[in-house]
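Asks: mind folding the following:
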Amino acid sequence: MQMLTGIDQSDYSKIENGKRYYTFEQCKRIALALDTSMDYLAGLTDEKKPYERVK
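Replies: As a prediction, this is how the structure comes out:
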C-alpha cells in the first residue's frame, strides 16, 4: 500500500488498527489505489464501484 498511496507504512498500520484516523488526502489516495470511493471507505455506501471521475 505504501507504494500505491505514498502513505508511510507505520502510519498506514496505525490507520488499520484504529490508532489513527486518516486525513482527507490519505483517504483519497487509498480510494484511488483500491479503485473505490471515499464514501465506501467511510461506510456511507455499500457500492464499491467508484464514482465517475471529473475530467
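
Asks: from the contact counts, what lies against the longest helix along the chain?
Replies: In the chain, taking DSSP state H as the definition, the longest helix is helix 24-34. On a contact count with 3 or more CB pairs under 8 Å, 6 or more residues apart in numbering; DSSP states H and E, helix 24-34 meets helix 2-5, helix 38-41. All C-beta atoms are positioned from the backbone trio N, CA, C, and that covers glycine.

Asks: which parts of it are buried?
Replies: Within helix 24-34, the residues that count as buried by 16 or more other CB atoms under 10 Å are Q26, C27, R29, I30, A31.

Asks: just put the helices and strands packed on helix 24-34 in JSON lines and tack on distance to K49, mean pLDDT and mean neighbour count.
Replies: Shown next, in JSON lines, are the helices and strands packed on helix 24-34 (distance: least, CB to CB, whole Å; pLDDT from 0 to 100; neighbours: other CB atoms under 10 Å):
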{"stretch": "helix 2-5", "distance to K49": "19", "mean pLDDT": "90", "mean neighbour count": "12"}
{"stretch": "helix 38-41", "distance to K49": "8", "mean pLDDT": "93", "mean neighbour count": "16"}
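
Asks: make TSV out of those helices and add distance to V54.
Replies: Compiled in TSV, those are given as follows (distance: least, CB to CB, whole Å):
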stretch	distance to V54
helix 2-5	20
helix 38-41	14
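
Asks: among those helices, which is nearest Y12?
Replies: Nearest of these to Y12, taken as CB to CB: helix 2-5 at 6.6 Å.

Asks: from the chain's centre, how far out does that closest one sit?
Replies: Centroid displacement of helix 2-5 relative to its chain, using CA atoms, centre = their mean, to the nearest Å, is 11 Å.

Asks: contacting residues around K48?
Replies: Contacts for K48 were tallied using CB atoms under 8 Å, 6 or more residues apart in numbering; they are T36, Y40.

Asks: what does the model give it for pLDDT?
Replies: What the model reports as pLDDT for K48 is 92.
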